[in-house]
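Novice: Any chance you can model this:
(chains A, B, C and D)
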There are 2 protein chains.
Amino acid sequence: MESQRIASLVERLGNLLRSEDRVTGSGAGLVPIHMQILRYLSACNRYSDTPAGVGEFVGATKGTTSQSINVLERKGYLKKRPDKEDGRIVHLGLTAKAERFIEKEFPPAEFADAVAGMRPGDRKRLSGLLNELLILLQRQNEGIAFGVCNTCRYFKRDGLGDTHQCGLTSEPLTEQESFMICREHEYPSEKAV
Amino acid sequence: MESQRIASLVERLGNLLRSEDRVTGSGAGLVPIHMQILRYLSACNRYSDTPAGVGEFVGATKGTTSQSINVLERKGYLKKRPDKEDGRIVHLGLTAKAERFIEKEFPPAEFADAVAGMRPGDRKRLSGLLNELLILLQRQNEGIAFGVCNTCRYFKRDGLGDTHQCGLTSEPLTEQESFMICREHEYPSEKAV
DNA sequence: CTTAATAGTTTCGAGTCGAAACTAATAATG
DNA sequence: CATTATTAGTTTCGACTCGAAACTATTAAG
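Specialist: Numbering: from 1, shown residues only, chains lettered A, B, ... in the order given. Down below sits the predicted model:
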């Protein structure tokens, strides 16, 4: 079956990516899941930089997530900061050390070289097809999408498109924020908006 | 950069696949790496069903691999069998219990459904592009390819193509064996054969 | 005001994982 | 042929993942 072949290939490529994460992380005492957490925190918006957001993204229970976050904090890669309005919520901020680290180590060099060896048209096609598959998978699972704000059903463009707003919180978004990952993200439904 | 986007997508899809492995495996007390080992053993040929082969495939050290194999043996999913010619080598055979299990659980149902939601042409294209990327990655890494025999540079078709042979061991291969994963596999070089 | 729901933490036991030290068997070399 | 690699696997160690379950604290709902 074709789906089996695609599953095998995705699994294998994912393993190679994880292996590279393992190698590049080992010098800093980090394991692959730590790398993923740091990357997520560097790309998510201010509603999503919490232990709950991290846990949903990496697909772990809150207990496991809490422990991984503690390890990262102990090693000096992030700092916790209480939410000003809700006493239960904790925000996670990357330290400068963490920012430098992920900037340098992602995407993994070998993987990037291999992608560079593809024809430009093939790269675009591959990227598009993977994205299509991911959206299908998430829609079907009722799963959390973790898309960026400007592809969200709640995203609102005011006036000439130079000011943005989140329809869920009614808060304004900067241009930069509209490209960040949000845990409340939902793609527009198939039929209509 | 495009390679970063592709890396993120592959990583994310790989995680979802691993999550499904985790769920389907948990009932049997297996973790994702166990599922991968069982699948590898069900698809590899008689030169590759050893701890060393497993370790190369999953990208772990031999110490780690040895431990995972012991867990699987203890749980009754595989049996060790010494090699007849070389006293150092151990062959790993799946039990009937293991065969049944992997037959039922792969590919993960949700992933397969999502793939089924793509247009047939897109499925084919995606499969081909992923395969291309994997070959590029492995060629560049001098990595082990783990391809199937009939795509190997050492594979020989005798006469009318109804008998096959491995040029490395000079042993005959059955039709079925020519579709199995081999750790000695090498793709034909780019220029010439 | 009481009850539920939400956000996080802590503890437990089984397992991963790399590193390093180890045994045993085969291959290479002088 | 005896010595010295090399190869295949195992074992032990410490740090960490991971799910499950019990826990605290805060906010929301009835």
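Novice: show me the contacts for residue A:1.
Specialist: B:107, B:112 (Cβ atoms under 8 Å, 6 or more residues apart in numbering or on different chains). Bear in mind the C-beta positions are built from the backbone N, C-alpha and C, glycine included.
Novice: so which helix or strand takes in the residue nearest the centre of chain A?
Specialist: Computing the C-alpha centroid of chain A and ranking residues by Cα atoms, centre = their mean puts residue A:40 first, at 4.2 Å. Assigning secondary structure by DSSP states H and E places residue A:40 in helix A:32-43.
Novice: ok, residues contacting the following helix or strand past that helix?
Specialist: Past helix A:32-43, heading to the C-terminal end, the next element that is a helix or strand (DSSP H and E) is helix A:51-58. The list of residues contacting helix A:51-58 from outside it, by Cβ under 8 Å, 6+ apart, reads A:33, A:36-37, A:40-41, A:44, A:47, A:61-62, A:64-66, A:68-69, A:90, A:92, A:144, A:146, A:181, A:183, B:15.
Novice: go on, stretch A:90-106?
Specialist: For stretch A:90-106, the surrounding residues in contact (Cβ under 8 Å, 6+ apart) are A:24-25, A:28, A:35, A:38-39, A:41-42, A:46, A:49-51, A:54, A:69, A:72, A:76-83, B:4, B:7.
Novice: again, but for stretch A:62-79
Specialist: A:28-30, A:33-34, A:37-38, A:41, A:51-52, A:54-55, A:58, A:60, A:80, A:92-95, A:97-98, A:101.
Novice: Alpha carbons of it, as PDB, please.
Specialist: The C-alpha atoms that make up stretch A:62-79 are tabulated as PDB, following Å, rounded to 0.1, in the frame of the first residue of the first chain:
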ATOM      1  CA  LYS A  62       1.800  17.600  31.500                       C
ATOM      2  CA  GLY A  63       3.900  15.700  34.000                       C
ATOM      3  CA  THR A  64       6.500  14.700  31.400                       C
ATOM      4  CA  THR A  65       6.500  18.300  30.000                       C
ATOM      5  CA  SER A  66       7.000  19.800  33.400                       C
ATOM      6  CA  GLN A  67      10.100  17.700  34.000                       C
ATOM      7  CA  SER A  68      11.600  18.500  30.600                       C
ATOM      8  CA  ILE A  69      11.000  22.200  31.300                       C
ATOM      9  CA  ASN A  70      12.700  21.900  34.600                       C
ATOM     10  CA  VAL A  71      15.800  20.300  33.100                       C
ATOM     11  CA  LEU A  72      16.000  23.200  30.500                       C
ATOM     12  CA  GLU A  73      15.600  25.800  33.200                       C
ATOM     13  CA  ARG A  74      18.300  24.100  35.300                       C
ATOM     14  CA  LYS A  75      20.600  24.200  32.400                       C
ATOM     15  CA  GLY A  76      20.000  27.800  31.800                       C
ATOM     16  CA  TYR A  77      18.000  27.700  28.500                       C
ATOM     17  CA  LEU A  78      14.800  29.200  29.700                       C
ATOM     18  CA  LYS A  79      13.200  31.200  32.500                       C
END
